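S.K.: Here you go, sequence then predicted model.
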Amino acid sequence: MSSATTSTPSVTHGRAALTDPGYQAFVILRTGFTVAPILFGLDKFANLLVDWPTYLAPWINDIVPGSAQQAMYAVGVIEIVAGLAVALAPRFGGWLVAGWLAGIIVNLLTIPGHYDVALRDFGLLLAAVALARLAQRYHGKRQSH
């Protein structure tokens with residue numbers, strides 16, 4: 001007779017992975033960098049959180065076709081794609097988000113009064129790099145006992 005509490009090796013491995021602080025950090029960062037870009041990307045179409053076109057540097061607005069709001073629509077699509085990339089391929093998606101944040105930082109540093117947001121985004125860039133590095137270890141690998 002088999003006991004209902006007997007665990008298979010994959011279940012035992014899964015539980016062990018959940019107790020690994022590195023794996024926990026990977027899951028937290030992957031979840032955050034999946035959800036946040038998708039939500040912020042969707043908000044570029046609604047402007048519920050903030051008036052997004054005010055975060056576009058005038059010099060960038062001068063070189064992109066259309067209005068600042070139309071540029072934000074393109075930004076929204078890119079951010080949604082970046083969030084999906086993190087969800088599906090975090091080793092690539094983490095670097096994609098880090099690169100995107102670098103571009104945002106350059107944009108913000110050229111708008112007086114947005115330096116605090118640029119500094120916050122630098123912290124997010126570092127977290128995206130950490131995600132990409134953790135994904136190298138934890139995503140798509142099965143560790144044996």
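M.R.: Looks like it came in fine. Residues are numbered from 1 along each chain as shown.
S.K.: and the most centrally placed residue in the chain, what pLDDT?
M.R.: By Cα atoms, centre = their mean, the chain has its centre lying nearest to residue 33, at 2.6 Å. If you check residue 33, the pLDDT there is 98.
S.K.: how far away is it from residue 61?
M.R.: To residue 61, residue 33 is 27 Å away according to Cβ to Cβ, to the nearest Å. For the C-beta atoms, the positions are set from N, CA and C on the backbone; glycine is no exception.
S.K.: surely the residue nearest to the centre of the chain meets residue 96?
M.R.: No. Using Cβ atoms under 8 Å, residue 33 is not in contact with residue 96, being 9.7 Å away.
S.K.: Between these two, which contacts overlap?
M.R.: Any residue near both residue 33 and residue 96 by Cβ atoms under 8 Å, 6 or more residues apart in numbering counts here, and that gives residue 86.
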